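Engineer: Sequence and predicted structure are below.
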Amino acid sequence: MSEINDLTPAEARVWRAFPRGGAVDFRTADDEDASLSDGWGPERTVRASVLRALLLKAEREEGEVAALKVAGARITGVLDLRYATVDSVVRLSHCRFDDTPDLSGANLSYLNLSDSVLPGLGSARVRVDGSLRLSGCRFHGPVRLGGAQISGALYLERTEVTAPAGPQPALQLKHVTVEDEICANGLRTHGEVRLDGATVAGSVTLDGARLHHPGGAVLDAQTLVVEGDVLMRRVEALGWIGLGGARVAGRLDLSHTHLSNPEEAALRASGCSFGELWLRGNASLHGRLNLRRTQVDVLFLEPDAVPDVVLLNSLVYTTLIPHEPAERRLPMLERDREGYVPHAYEQLTAAYRRIGDDRAARLVQLAKQRRHRSTLPWYGALWGYLQDATVGYGFRPLRACVWLLSLLTIGSVAYGLHPPTPLKPSEAPPFNPVFYTLDLLLPVISFGQEGAFAPEGWYQTLSYVLIITGWILATTVLAGVSRSVSRQ
């Protein structure tokens, strides 16, 4: 074959090493940078067609495990393994690829391209029976792994992907299936990362990642399913992260992460299910936080991490930590873009009640009634102000006692100094200013004083005021008690 007959010295070294699984290292130093490969000459250049012939046609030696292990080579031409079955280990690390490899639909046992420089990677629907290592790679074009099936782990540590502006994502991981984990610590991307519809049996780690796509999606992971954790600690993202419909059995950890997408949503996580959601440390969101219809067992949310605009309608959580006073939590509910959202107040109330903080729960319910009052017409709002001033919507019942005692004191003193005239002197009971005032204030109970005496002038006006005030107090107290009973 021509691939055998016209091999260059560099290619001959690779050809002889392959049947025995030997490694060929063209590097002059272990820390050699493949991005500085412009001076690499024929002495370390290997044609992609030679590598293809090795993997698909070369004879194996009996008793040896054939493997392609090359480091520090310049690979020219397209490494075309479309729909091929390769049962040998492929490790092409610290290499420089002049053209984009095409592994679409291939079935590989193991692939390692660590620390290589490539113009891109076409690997849609590739199947890897082991792990796929792209750690430290620098891609100057899109990486397409959509629909890939990886039996081991996918490594993208320190990987850099820079894609030209356009509709195509920089890193395409749509509908991938990874039976272990995705490890992408320190990932750097310029463009969109697509992870929607992916399934990961382990965890997804993006600690320290730098994601850049201003005004667009830096990470679109809608309907992502992860059986472990999604760790995105200390991430810097310019653009939005979309997790709509995602399910994470473990923890989604955004500790110390900074997301920036001004005027739009920075984190879109509606309709999700998380074991835990952490927004803590000095985490900051410049943009909206959307958690509508999401279910979380443990919500670790520090008040300072909540942005100026949130969407929390139908958010359900069992535990809210850290424990903060209601005064620190309530501003979060007041920032909801949808306005008054009763469900958000009920969730916060339930969280406080579960830990036995009844005072905070009452404050949240009081804030809920006051927020609801702002949505009512003027007559409803007026009634709300009366309930608030008198009994705090039933959450401050002692306030009614203060009102009653104050009015009782005023009436008793006024009528004690100027007793009203009896209607029937011969039948009237002895006048008692205290019980006469109670008769005016309490609309149901009668001590026989009100009907026996008739005040005149200013004192008659005072009696009308006491009667009206008594009815208002009785009605608001009854409304507050009814609300309290219904809550329990």
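Structural biologist: Okay, I see it. Numbers count the residues shown, from 1 in each chain.
Engineer: low pLDDT regions in the chain?
Structural biologist: 1-5, 389-391, 393-394, 396-398, 476-488 (pLDDT under 70).
Engineer: what about the helices in it?
Structural biologist: 2-5, 9-17, 48-57, 326-334, 342-354, 358-373, 378-391, 398-417, 433-441, 458-487 (DSSP state H).
Engineer: Name the residues of the fourth one that come out as buried.
Structural biologist: In this case it means helix 326-334. Neighbour counts over helix 326-334 (16 or more other Cβ atoms under 10 Å) mark 326, 329, 330, 332, 333 as buried. Every C-beta, even on glycine, is put in place using the N, C-alpha and C of the backbone.
Engineer: and the angle from that helix to helix 342-354?
Structural biologist: Counting by axes from the mean of the first three to the mean of the last three Cα atoms, to 10 degrees, helix 326-334 lies at 160 degrees to helix 342-354.
Engineer: Contacts for helix 326-334 next, please.
Structural biologist: If you take Cβ atoms under 8 Å, 6 or more residues apart in numbering as the criterion, helix 326-334 is touched by 301, 303, 306, 310, 312, 320, 341, 344-345, 348, 352, 359-361, 363-364, 367, 371.
Engineer: could you redo the last one with a cut-off of 6 Å?
Structural biologist: 303, 306, 344, 348, 360, 363, 364, 367 (Cβ atoms under 6 Å, 6 or more residues apart in numbering).
Engineer: what angle separates it from helix 358-373?
Structural biologist: Using the same axes, to 10 degrees: helix 326-334 against helix 358-373 is 30 degrees.
Engineer: With the second one instead?
Structural biologist: Using the same axes, to 10 degrees, one finds that helix 9-17 and helix 358-373 are set 130 degrees apart in direction.
Engineer: which helices and strands sit right next to helix 9-17?
Structural biologist: strand 23-25, strand 45-47 (3 or more Cβ pairs under 6 Å, 6 or more residues apart in numbering; DSSP states H and E).
Engineer: Buried residues of the first one, list them for me.
Structural biologist: Applying a neighbour-count criterion of 16+ other Cβ under 10 Å, one finds 24, 25 buried in strand 23-25.
Engineer: Quick one: distance of it to the chain centre.
Structural biologist: Strand 23-25 sits 45 Å away from the centroid of its parent chain (Cα atoms, centre = their mean, to the nearest Å).
Engineer: Who are the packing partners of that strand?
Structural biologist: helix 9-17, strand 67-71.
Engineer: Just want the angle from the last one to helix 9-17.
Structural biologist: Relative orientation of strand 67-71 versus helix 9-17 (the same axes, to 10 degrees): 150 degrees.
Engineer: how about the CA coordinates for strand 67-71, as PDB?
Structural biologist: Output of strand 67-71 as PDB, limited to C-alpha atoms (Å, rounded to 0.1, in the frame of the first residue of the first chain):
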ATOM      1  CA  ALA A  67      -2.200   1.000  20.300                       C
ATOM      2  CA  LEU A  68      -1.600   4.400  18.600                       C
ATOM      3  CA  LYS A  69       0.400   6.500  21.100                       C
ATOM      4  CA  VAL A  70       1.900   9.600  19.600                       C
ATOM      5  CA  ALA A  71       3.000  12.800  21.300                       C
END
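Engineer: by contact count, what packs against it?
Structural biologist: Counting by 3+ Cβ pairs under 6 Å, 6+ apart, strand 67-71 packs on strand 23-25, strand 85-93.
Engineer: Include distance to residue 270 when you put those into JSON lines, please.
Structural biologist: Putting those into JSON lines (distance: least, Cβ to Cβ, whole Å) gives the following:
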{"stretch": "strand 23-25", "distance to residue 270": "50"}
{"stretch": "strand 85-93", "distance to residue 270": "41"}
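Engineer: and the ones you listed, which is most packed in?
Structural biologist: By mean neighbour count, with neighbours taken as mean count of other Cβ atoms under 10 Å, strand 85-93 ranks first of the helices and strands packed on strand 67-71 at a mean of 19.
Engineer: which helices and strands sit right next to that strand?
Structural biologist: Right, strand 85-93 is packed against strand 67-71, strand 107-112 by 3+ Cβ pairs under 6 Å, 6+ apart.
Engineer: hang on, the earlier thing: just the buried residues of helix 326-334 now: which is nearest residue 38?
Structural biologist: The nearest member of the buried residues of helix 326-334 to residue 38, counting by Cβ to Cβ, is residue 332 at 54.4 Å.
Engineer: Can I get the helices and strands packed on strand 85-93 in a markdown table including distance to residue 137?
Structural biologist: As requested, the helices and strands packed on strand 85-93 are arranged in a markdown table below (distance: least, Cβ to Cβ, whole Å):
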| stretch | distance to residue 137 |
| --- | --- |
| strand 67-71 | 14 |
| strand 107-112 | 10 |
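Engineer: Is it possible to get CSV of those strands that adds mean neighbour count and distance to residue 380?
Structural biologist: Below are the helices and strands packed on strand 85-93 laid out as CSV (neighbours: other Cβ atoms under 10 Å; distance: least, Cβ to Cβ, whole Å):
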stretch, mean neighbour count, distance to residue 380
strand 67-71, 21, 77
strand 107-112, 20, 68
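Engineer: Which of the ones you listed sits closest to residue 248?
Structural biologist: strand 107-112 (27.3 Å).
Engineer: Run through the residues that contact residue 228.
Structural biologist: 202, 203, 250.
Engineer: Then residue 422?
Structural biologist: 428, 452, 453.
Engineer: In JSON lines: the buried residues of helix 326-334, plus distance to residue 287.
Structural biologist: JSON lines is the format used below for these (distance: Cβ to Cβ, whole Å):
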{"residue": "326", "distance to residue 287": "26"}
{"residue": "329", "distance to residue 287": "21"}
{"residue": "330", "distance to residue 287": "22"}
{"residue": "332", "distance to residue 287": "15"}
{"residue": "333", "distance to residue 287": "19"}
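Engineer: and which of those residues is nearest residue 269?
Structural biologist: residue 332 (15.4 Å).
Engineer: quick one: that closest one from residue 373, how far?
Structural biologist: 20 Å (Cβ to Cβ, to the nearest Å).
Engineer: Also residue 28?
Structural biologist: Counting by Cβ to Cβ, the gap from residue 28 to residue 373 is 77 Å.
Engineer: out of these two, which sits in the busier spot?
Structural biologist: When neighbours are counted by other Cβ atoms under 10 Å, residue 373 comes out ahead of the other of residue 28 and residue 373, with 18 against 8.
Engineer: Contact partners for that one?
Structural biologist: 381, 384.
Engineer: All set, thanks.
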